[in-house]
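> Take a look and give me a structure for this.
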Amino acid sequence: MPSATLNPTVLEPLFAPWQEPNAHRVRAEKSGDPAVIKQGRRASPIEAINNLRAAVREWREAFYIGASDTTIQLLNHWFNRAHRLTFPSKEGAGVGGEEFEFRYYFCQREAVETLIYLKEVRQIECLSQIIAEFGGANAELQALGITEDEDA
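Numbering: from 1, shown residues only. I've put the predicted structure just below:
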């Protein structure tokens, strides 16, 4: 009979919250075996999302080319510099005043970058444009929720 105790190593994060996901767990082939750690970000089942993530990553790595100077300054301020903050003091608690480094979670960064990339750089105004630009070969079918298997 399998042990009822939880293996705490399965709860350990594979990357820091502010880092782009670079690994993920998948179910083991054999029941009772630990999950397998796969390198790379877990792909979305929606092709347009994967293509959009790749485009935004490429844009980020190209130092936000095509964005306005103000936008580039803001993105660099938010995501490419250290933010030292101080814990607030709480009356009677005797805590506070300690400094810590604040970092945005990667999902927050990616959301802001994606919005700016779509609106300011690519000038995309609606979902149908996103699907047309990033949906791939079967974009129209995916937009309707139809998979290739269902179409056959």
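> out of everything not next to it in sequence, what's closest to Ser44?
Spatially, and ignoring its direct neighbours in sequence, Ser44 is nearest to Asn50 (5.4 Å; CB to CB, 6 or more residues apart in numbering). Heads up, the C-betas are built off the backbone N, CA and C, glycines and all.
> Please report phi then psi for the one you found.
phi -60, psi -40 (degrees, to the nearest 10).
> now swap in Glu58 and tell me
phi -60, psi -40.
> ok, it - how many residues close by?
By other CB atoms under 10 Å, the residues close to Glu58 number 11.
> picking up where we left off before, isn't the residue nearest to Ser44 up against Gly40?
No: with contact defined as CB atoms under 8 Å, Asn50 does not reach Gly40; the gap is 11.3 Å.
> Which residue ranges make up each domain of the protein?
Annotated domains of the chain cover 14-43, 46-145 [automatic domain parsing].
> Can you spell out which helices and strands pack onto the host helix or strand of Gln108?
Assigned by DSSP states H and E, Gln108 belongs to helix 106-116. In terms of contacts (3 or more CB pairs under 8 Å, 6 or more residues apart in numbering; DSSP states H and E), helix 106-116 is packed against helix 47-61, helix 69-79.
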